[in-house]
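for reference, the sequence and a predicted model appear below.
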Amino acid sequence: MTIGIAAYGKGSVAAIQTAVSAAELCGRGAIGGFAVLAVIEADGSVAYRTTQNGGISSLDIPEEWFRAPCAAVISSGPDRPEPLTQFLVGRAGSGLVTGHRLPNSVSADGVSVNNAVLEKLAGGEAPQGSVDTVLAQDPEIDAGLIAVTIDGRLGTGNSGRVLRRGDLGQAHREEGGCGFSLLHNSIFAATGTCQALAEILGELAWQELTGTQAGHAIIRLEAPVTVEAAARDRVHIDLNGRIVALQSADPRVCAARRLGTAVYLSTEVWQEGQPVGFAETELVARLAGGLAHPHGLPVQRSMMMRRSHVTA
């Protein structure tokens, strides 16, 4: 399993949804297939949404979940063994345990490591100590773990075996009553290291938790927009990150009738008449009649923008 994230505080579901969506946009590898999302609801119970294909944007997430006090996700490639909830376990009134690689791996005592951590949480042990203890008992197990409790505490760690990998990314931050922890492997970006990708995902999660502006943003094509001929390529967005118009220096894009690239890599992004960044990923849309129409799942109708400046 390739990416695991847990978060607590207001905006925890939005934080993990945004981070995994960004991994699907920016990364290549075992991503965009199965996904398990779990929340601790207001009454303390655990609730799940799962999918075998399509990644996090294919999940039907109830609106009330976005007010959940803590949440976790795990995602990787498609078609994994059922039940998918074995990879992300939870207990009412206690917490959630996710991770990456194989967090459901069974140790010598016959108990999966994620359930072993969950038992410790239920017994009142701290999440970091629980993760450390369980992984130290079997350092060659292929697992990284993240635990989050309903009262807002995190624990995270990789086994010795996992730490020897050269494709790891990790991000963690807690402050002011909110926090997140993220682990991933086998997700590769076109530019930058696996750790650099984790830092981008972490900034986006933190933005959802606190409102602190990240260096990147996901922008979306939610409705058909005009594609106009211009001297240079530009994407125009509104204050909510929705694409409202496209300009292209290639007249073939304006006249095209096909599914194809509507926004080219490194295209300028403008907002309210001012340049605000550059396209870090491309956007595929259905082109017809001088319009770009949204196509596919929400993540396929989205693209990543790198901001040209960041405000506090």
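Done, it's in.

quick one: the nearest residue to Y264 once chain neighbours are set aside and H309, what's the gap?
Leaving aside its sequence neighbours, Y264 sits nearest to D233 (C-beta to C-beta, 6 or more residues apart in numbering; 5.5 Å). Yep, even glycine has a C-beta here, placed from its N, CA and C like the rest. Taking C-beta to C-beta, to the nearest Å as the measure, D233 falls 20 Å from H309.

more neighbours: the two, which one.
More neighbours surround D233 than the other of D233 and H309, with 18 against 9 (other C-beta atoms under 10 Å).

with only the CA atoms kept, save the one helix or strand W270 maps to in CSV.
Per DSSP states H and E, W270 falls inside strand 268-271. Extracted in CSV, the C-alpha atoms of strand 268-271 (Å, rounded to 0.1, in the frame of the first residue of the first chain):
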residue,chain,number,x,y,z
GLU,A,268,0.8,30.7,-16.8
VAL,A,269,-2.2,30.8,-14.3
TRP,A,270,-4.0,34.1,-13.8
GLN,A,271,-6.5,35.2,-11.2
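
check what contacts it and list those residues.
219, 232-239, 275-279, 305 (C-beta atoms under 8 Å, 6 or more residues apart in numbering).

can you pick the most crowded of these?
V235 (28 neighbours).

so what's that one bridging to?
L246, V269 (DSSP bridges).

I'd assumed R220 was in contact with it.
No. The criterion here is C-beta atoms under 8 Å, and V235 misses it with R220 at 11.1 Å.

quick one: common contacting residues for these two?
Taking C-beta under 8 Å, 6+ apart as the contact rule, V235 and R220 both touch I243.

hang on, S12 packs against A71?
Yes. In this structure, S12 is within contact of A71 by C-beta under 8 Å, at 4.4 Å.

overlap of the contact sets of the two?
In contact with both S12 and A71: V39, using C-beta under 8 Å, 6+ apart.

tell me the contacts of Y8?
Going by C-beta under 8 Å, 6+ apart, Y8 touches 69-71, 148-149, 152-154, 178-180.

which one of those residues is nearest G99?
Among the contacts of Y8, V148 lies closest to G99 (C-beta to C-beta), at 11.3 Å.

which one is N115 nearest to, not counting chain neighbours?
Setting aside the residues directly before and after it, N115 is nearest to V89 in space (C-beta to C-beta, 6+ apart), at 5.6 Å.

show the model's pLDDT score for the one you found.
Looking at V89, its pLDDT stands at 98.

isn't it up against G99?
No. In this structure, V89 is not within contact of G99 by C-beta under 8 Å, at 10.0 Å.

which one of these two is surrounded by more residues?
G99 (35 against 25).

would you agree the more buried one is in contact with I3?
No. With contact defined as C-beta under 8 Å, G99 does not count as touching I3 (9.6 Å).

mind listing the shared neighbours of those two?
What both G99 and I3 touch, as defined by C-beta under 8 Å, 6+ apart, is the set 74, 183.

any regions of this structure where pLDDT drops low?
Along the chain, the model assigns pLDDT under 70 to residues 310-312.

longest helix of it?
Ranked by residue count and defined by DSSP state H, the top helix of the chain is helix 194-210.

just to revisit the earlier point, nearest to G77, of the contacts of Y8?
Ranked by distance to G77 (C-beta to C-beta), these are led by A71 at 21.9 Å.

so the closest one bridges to which residues?
Assigned bridge partners for A71, using DSSP bridges, are A7, V39.
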